[in-house]
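Q: give me a 3D structure for the following:
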Amino acid sequence: MATDHLALQPTLDLPQALMGGGIVVGGFPVRLAQTPEDMDQVLALRRDRFAVTAPGQSDRDRFDSLSTHLMVCRPDAKQVLATARLRLLRQGADFAQTYTGQFYDMTALSRSYGRALEIGRLCQASDAQNMADALRALLAAVTLICVHTRAEVLFGCTSFRGQDVQAHGAALTWLRTRHLGPVDLRPQRMHPRAVDFPHGDADPHAQKQALPALLRMYLGMGGWVSDHAIIDPELDTLHVFTAVATATIPPARLRALRALCPV
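A: Residues are numbered from 1 along each chain as shown. Now for the predicted structure:
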């Protein structure tokens, strides 16, 4: 059944091509969700990837109607391979009213940036081929949107699959030693399920490889993380706050992503 009552086109200053038939990025059709049927596909993929297991339960929440939903499809455009939920914030006071704002106190970040783009529910199909290319296409489209909306910072929650902190210990230790954000920008603790990053010594190569692919990409764009994680039993994930200031994206990486977008 089609999903109803969703505001599928919030007011964003986006390239007209994305609002219409979409663009082709690295061989993958990329467009915004425009119809209830589009949203059904987006929500079905999210349900599969975010472990929503109760019979009949949807991954839809109150933030969906406030957001724009990006879709990367198979070359034949018949299946959604990857999706992301984007929400443009135009002033600092909006930060606390976001999905991420439920878990992290972003007061310091909101005082330092004006326009921001929250990225959420980013996921990809588990059985798709060439998923690295599909994920790259998604990030290229996000970069295009970031440029057109003049966002100063991208942020969101980056998920580790499963809630076991010890299972993710190597990756979290790597983040603590290499990628913590500036003290004056990091979000403060506010959630009862906040947990410390573990201390300890582990093989650096093993630590880095244990990071989710998406988080590795964000870090490669100059991103940073919070100094704590949140256990999320609803989605069976452990997530960390992640931010990328657009001014610090390496020029070569930015050029490479922009080159993928024919807009």
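Q: so which residues of this structure form strands?
A: Counting by DSSP state E, the chain has strands at residues 23-25, 28-32, 68-73, 80-89, 104-105, 116-124, 153-161, 188-189, 194-196, 224-232, 237-245.
Q: quick one, the longest one and strand 68-73 angle?
A: It refers to strand 80-89. Per axes from the mean of the first three to the mean of the last three CA atoms, to 10 degrees, the angle that strand 80-89 makes with strand 68-73 is 160 degrees.
Q: so what are the sheet partners of strand 80-89 and their directions?
A: Using DSSP bridges, the strands paired with strand 80-89 are strand 68-73 (antiparallel), strand 116-124 (antiparallel).
Q: the longest one to strand 237-245, inter-axis angle?
A: I take that to be strand 116-124. Using the same axes, to 10 degrees: strand 116-124 against strand 237-245 is 140 degrees.
Q: average pLDDT across strand 116-124?
A: In this model, strand 116-124 has a mean pLDDT of 92.
Q: for stretch 92-102, same thing?
A: 90.
Q: begin at 25 from here
A: In the new count, where the first residue is 25, that last one comes out as stretch 116-126.
Q: who's in contact with that stretch?
A: Residues from elsewhere that reach stretch 116-126 (CB atoms under 8 Å, 6 or more residues apart in numbering): 85, 87, 111, 113, 130-131, 133-135, 137-138, 140, 142, 144, 179-181, 215, 265. C-betas here are computed from N, CA, C, even on glycine.
Q: may I see the buried residues of that stretch?
A: For stretch 116-126, the buried set under the neighbour-count rule, 16 or more other CB atoms under 10 Å, comprises 116, 118, 119, 122, 123, 124, 125.
Q: any chance of those in TSV, with distance to residue 185 too?
A: Shown next, in TSV, are these (distance: CB to CB, whole Å):
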residue	distance to residue 185
116	32
118	29
119	27
122	23
123	18
124	19
125	23
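Q: so what's residue 181 bridging to?
A: In beta-bridge terms (that is, DSSP bridges), residue 181 pairs with residue 265.
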